[in-house]
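Q: Sequence isn't available, so here's the structure alone:
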């Protein structure tokens, strides 16, 4: 039972354009969502998060959108840069203030071409 | 900038041998997590500690895996005996009171 799904295993975009990575979840109890970036042979690096009381959070080139009714979140990267090429994982948690375990999606490999 | 430390970074072992991984969380982080990531999948939680106590070890294969955090700071994850299917990346993460978890560089295990 995959509670968090990233249905696109890969995405290729041109440098300077927008990258949109998508994530769907099934558990309506999730109240905190995060995006991580991962390079090969390294641990995931925290990018941006959003709590269920918001529908948008922005940090520089990264914006996360949350649509609770559709149980869908997305990460927008504008403008995309070659250094953004990595695997992106979305993750969800049910215990925002208590540090509960994260449920991860399968990841989307982003390739930004010069 | 504070980081989660893990060692070793790479480990090659033969099946039936014992292996151990070490993690030192960000200073002051009370919660420590061990995740396992198989290639092509997202990380999955093995065990969660709050200080020195285990909060969640429901996905830890207890017949061969053990984890401890004796003084509530650093932690050790052990596998004995290792099996071919244990080949994966083992990730340690820590968090303070909030839900954001910060990951270490991981230990890549190859069981031959």
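A: Arrived safely, thanks for sending. What you see is a predicted model, and the numbers here were worked out from it, not measured in a lab. Residues are numbered from 1 along each chain as shown, chains lettered A, B, ... in the order given.

Q: ok, now which ones touch residue A:102?
A: Residue A:102 is in contact with A:34, A:91, A:92, A:93, B:43, B:45, B:101, counting by Cβ atoms under 8 Å, 6 or more residues apart in numbering or on different chains. C-beta coordinates here come from the backbone N, C-alpha and C atoms, glycine included.

Q: contacting residues around residue 86?
A: No chain in the question, so chain A it is. Contacts of residue A:86 by Cβ under 8 Å, 6+ apart are A:37, A:38, A:39, A:109, A:110.

Q: wait, I meant chain B there
A: Residue B:86 makes contact with B:79, B:109, B:111 under the criterion Cβ under 8 Å, 6+ apart.

Q: how near is the closest residue to residue B:69 other than its chain neighbours to residue B:38?
A: Spatial nearest neighbour of residue B:69, chain neighbours left out: residue B:75 (4.2 Å); criterion: Cβ to Cβ, 6 or more residues apart in numbering or on different chains. The gap separating residue B:75 from residue B:38 is 21 Å, by Cβ to Cβ, to the nearest Å.

Q: okay, those two: which has more neighbours?
A: The neighbour comparison of residue B:75 against residue B:38 (other Cβ atoms under 10 Å in any protein chain shown) goes to residue B:75, with 24 against 13.

Q: pretty sure the more buried one is touching residue B:67, no?
A: Yes - applying Cβ atoms under 8 Å, one finds residue B:75 in contact with residue B:67, separated by 6.5 Å.

Q: Overlap in contacts, these two.
A: Shared contacts of residue B:75 and residue B:67, defined by Cβ under 8 Å, 6+ apart, comprise B:34, B:49.

Q: if we can go back for a sec, tabulate the contacts of residue A:86 in JSON lines, adding columns for distance to chain B and secondary structure.
A: Putting the contacts of residue A:86 into JSON lines (distance: Cβ to the nearest Cβ, whole Å; DSSP: H, G, I helix; E, B strand; the rest coil) gives the following:
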{"residue": "A:37", "distance to chain B": "11", "secondary structure": "strand"}
{"residue": "A:38", "distance to chain B": "9", "secondary structure": "strand"}
{"residue": "A:39", "distance to chain B": "10", "secondary structure": "coil"}
{"residue": "A:109", "distance to chain B": "10", "secondary structure": "strand"}
{"residue": "A:110", "distance to chain B": "15", "secondary structure": "strand"}
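
Q: Any of those buried? List them.
A: Buried by 16 or more other Cβ atoms under 10 Å in any protein chain shown: A:37, A:38, A:110, out of those.

Q: from these, which is closest to residue A:67?
A: For those, the closest approach to residue A:67 (Cβ to Cβ) belongs to residue A:110, at 21.0 Å.

Q: List the residues that contact that closest one.
A: By Cβ under 8 Å, 6+ apart, the contact list for residue A:110 reads A:10-13, A:19, A:21, A:77, A:80, A:84-88.

Q: One more: residue B:73?
A: By Cβ under 8 Å, 6+ apart, the residues touching residue B:73 are B:24, B:25.
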